[in-house]
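Novice: Sequence plus the predicted model coming up.
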Amino acid sequence: MEMINGKLLKDMLASGANNLSNKFTEIDALNVFPVPDGDTGTNMSLTFNAGVKDALACTSDDVCDIAKVLSKGLLMGARGNSGVITSQIFRGLYQGVDGMKEINGFQLANALVMGSRVAYKAVMRPVEGTILTVVREAADYTYAYATSTQDVTCLQVMEKMLEEAKESLERTPDL
């Protein structure tokens, strides 16, 4: 997967929403900060499904248009702190792809960093060891990889993002 176009983005969003719906209880069990309220996965799933529903209904084939509709749908459907943070990650991602019909690996890596930065700015007192940390570390690692790899593909970016996100998640209890 060298590029992401509108159709592929919609397919990825639908798959992600399905996966999150299937795994929300595992995410609920991960949540320990600031209190183990046990609803982080539920709130993220409800939020993401609301945004994806709108994105899938978007008639445009441009990545930027779909990302814009997704961002708005996530914000309007946001549940709890985790839902709001999720919406802000995708708001930044939209800002990173604004004006683009399709995106390459480097543009994706840049958009992921934008998502991280917007989410941090949206939280009054960001705390390390949370979803913000995982997104930031994974996005920064991925961006560094993308800038040092000639003709980086979207698949390579996604693989590196997932790899570092898993490692970052393992480090969060120490923060």
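Specialist: Perfect, thanks for sending it.
Novice: what about the closest residue to Gly105 other than its chain neighbours, is that helix, strand or coil?
Specialist: Closest residue in space to Gly105, ignoring its immediate chain neighbours: Val152 at 3.7 Å, by CB to CB, 6 or more residues apart in numbering. C-beta here means a position set from N, CA and C on the backbone, and glycine is covered the same way. Under DSSP: H, G, I helix; E, B strand; the rest coil, Val152 falls in the coil class.
Novice: ok, now which ones touch Val152?
Specialist: Contact partners of Val152, counting by CB atoms under 8 Å, 6 or more residues apart in numbering, are 104-106, 109, 145-146.
Novice: residue ranges of the helices in the protein, please?
Specialist: Along the chain, the stretches classed as helices by DSSP state H are 6-30, 40-57, 63-76, 80-97, 105-122, 131-147, 154-171.
Novice: Let's have those helices in CSV, adding mean pLDDT and mean neighbour count.
Specialist: Shown next, in CSV, are the helices of the chain (pLDDT from 0 to 100; neighbours: other CB atoms under 10 Å):
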stretch, mean pLDDT, mean neighbour count
helix 6-30, 92, 15
helix 40-57, 94, 21
helix 63-76, 97, 22
helix 80-97, 94, 23
helix 105-122, 97, 22
helix 131-147, 95, 21
helix 154-171, 95, 17
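Novice: on that earlier part again, backbone dihedrals for the residue nearest to Gly105, both of them.
Specialist: Backbone dihedrals for Val152, given as degrees, to the nearest 10, come out at phi -60, psi 140.
Novice: now it: how far from Met1?
Specialist: Here the distance between Val152 and Met1 works out to 11 Å (CB to CB, to the nearest Å).
Novice: Kindly report the same for Ala109.
Specialist: Distance, Ala109 to Met1, using CB to CB: 14 Å.
Novice: so who does the closest residue to Met76 other than its chain neighbours touch?
Specialist: Distances taken as CB to CB, 6+ apart place Ala50 nearest to Met76, at 6.9 Å, with adjacent residues excluded. Taking CB under 8 Å, 6+ apart as the definition of contact, the neighbours of Ala50 are 73-74, 76-78.
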